[in-house]
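Student: give me the fold of what follows.
(one chain, ligands or ions: 2)
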Amino acid sequence: MSPAVPVARRSKALSSQIGLTERIFTNAEDRATAAAIERGLEQVEAGILREVSFADSVADVATRYLLSAGGKRVRPMLTLLTAQLGEGIIPDVLTAAEAVEITHLASLYHDDVMDEAEQRRGVPTAQAVWGNSVAILTGDLLFARASNLIAGLGDRAIRLQAGTFERLVLGQLHETVGPQPGDDPVEHYLQVLSDKTGSLISAAAQLGVVFSNAPREYEEPVMLFGERIGVAFQLVDDVLDLSPRSEETGKLAGTDLRAGVPTLPLLHLRRQAEQDGAAAALLARIEAGIATPGSSDLAAAIEELRRHEATAITLAESHRWAESAVAAIQPLPEGTVKKALTRFADVMVERSS
Ligand code: FPP
Ligand code: MG
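Tutor: Ligands and ions are numbered 1, 2, ... in the order given. Here you go, the predicted model:
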């Protein structure tokens, strides 16, 4: 089965992406934690590769395809980090971290089919290469493997995974059908973000606490942190979507908008357009541009939206979600985990500046 599996290239240590190896983490405990997480991530990577070995060239190539194309491994990193609140990276923690990342991968295969996306992680999407059926079945295979790993962790993990899966699907469903009569579009959108992104990040953080046998009272703070940072992350993405093509996104400015995704800047513009003529005129240009492929005015209108108050409001909202994520972890003990999570929240929102 072609093409060959792409090779992931990472320029820097994974945990440095969340500030774990930066100069503010100077003491021996911080450095030891960073090293343990780096080693743990290598074990997770090897473990995931074992899980996508079906000894079947068709299934192996398809399931490894996106895994090998890269990815930040944010979710397993969070699991390994919150496990530092307990006994550290013990075997069940590694299993949970692998299951979380495989679940995430599974969801990406399905998401790309629904979005009719052409590229993911710098390579053509699975359905662009093999078609929808193979992409959907590959997502199913991955989800089966994640479920098998989770089953080994017992009833609590199975329920947690089932609840998370339900929220992922509900998030996608509500996004697909859009707000219903009487729903506030902004509230609806934020709920979609919580469900489709916040839920799995929240579960990743919770699993680290649960399977490292950390004190039970740490579960709620890290779950809230994960949920809120997931929403902050998505809102920053909405702002980045409007930026000119960058190395980071590799996407055309307004890719989501052009695909009909009502991102938060557009929803705020719609709100303002109810009482503000200039906002209404800009909205009309964007809607006309989206409806007319190849429109020469759309790029200019997207650039105006990027500099519009509606985008500034979105950015401020993403900062508020990140701040509330940090507020949630105040009950955690002072130390490396709290510092790293706080830095992680900063890094998320700094992407937009
Ligand atoms: C990406 O959103 C999509 C998600 C975060 C969740 C997708 C969830 C499912 C498809 C349901 C669960 C399915 C399985 C098999 C677990 P996006 O389109 O906004 O982001 P993108 O820019 O990364 O595509
Ligand atoms: Mg998508």
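Student: and the lowest-mean-pLDDT helix or strand in the chain, what does it pack onto?
Tutor: Ranking every helix and strand in the chain by mean pLDDT, DSSP states H and E puts helix 255-258 at the bottom, with a mean of 87. For helix 255-258, the contact count by 3 or more CB pairs under 8 Å, 6 or more residues apart in numbering; DSSP states H and E identifies helix 277-291, helix 298-306 as packing neighbours. Bear in mind the C-beta positions are built from the backbone N, C-alpha and C, glycine included.
Student: out of these, nearest to Gly88?
Tutor: Checking the helices and strands packed on helix 255-258 against Gly88 by CB to CB gives helix 298-306 as the closest, at 43.7 Å.
Student: what is the orientation angle of that closest one with helix 277-291?
Tutor: 140 degrees (axes from the mean of the first three to the mean of the last three CA atoms, to 10 degrees).
Student: average pLDDT for helix 298-306?
Tutor: If you average the pLDDT over helix 298-306, you get 94.
Student: following it, which helix or strand shows up next?
Tutor: Scanning forward in sequence from helix 298-306 by DSSP states H and E, the next helix or strand is helix 309-328.
Student: keeping just the C-alphas, turn that next one into CSV.
Tutor: Only the C-alpha atoms of helix 309-328 are listed here, as CSV (Å, rounded to 0.1, in the frame of the first residue of the first chain):
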residue,chain,number,x,y,z
GLU,A,309,-12.5,44.3,17.1
ALA,A,310,-14.3,40.9,16.7
THR,A,311,-10.9,39.2,16.5
ALA,A,312,-9.5,41.2,19.4
ILE,A,313,-12.5,40.1,21.4
THR,A,314,-11.8,36.4,20.4
LEU,A,315,-8.1,36.8,21.5
ALA,A,316,-9.2,38.3,24.8
GLU,A,317,-11.6,35.5,25.3
SER,A,318,-8.8,32.9,24.6
HIS,A,319,-6.7,34.6,27.3
ARG,A,320,-9.6,34.5,29.7
TRP,A,321,-10.0,30.7,29.2
ALA,A,322,-6.2,30.2,29.7
GLU,A,323,-6.3,32.3,32.9
SER,A,324,-9.3,30.3,34.2
ALA,A,325,-7.4,27.1,33.4
VAL,A,326,-4.5,28.3,35.6
ALA,A,327,-6.9,29.4,38.3
ALA,A,328,-8.3,25.9,38.4
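Student: following that helix, which helix or strand comes up?
Tutor: Stepping forward along the backbone from helix 309-328, the first helix or strand reached (DSSP H and E) is helix 336-350.
Student: how distant is that following helix from the center of its chain?
Tutor: Here helix 336-350 shows a centroid-to-chain-centroid distance of 15 Å under the convention CA atoms, centre = their mean, to the nearest Å.
Student: next: stretch 271-290.
Tutor: The chain centre lies 30 Å from the centre of stretch 271-290; the measure is CA atoms, centre = their mean.
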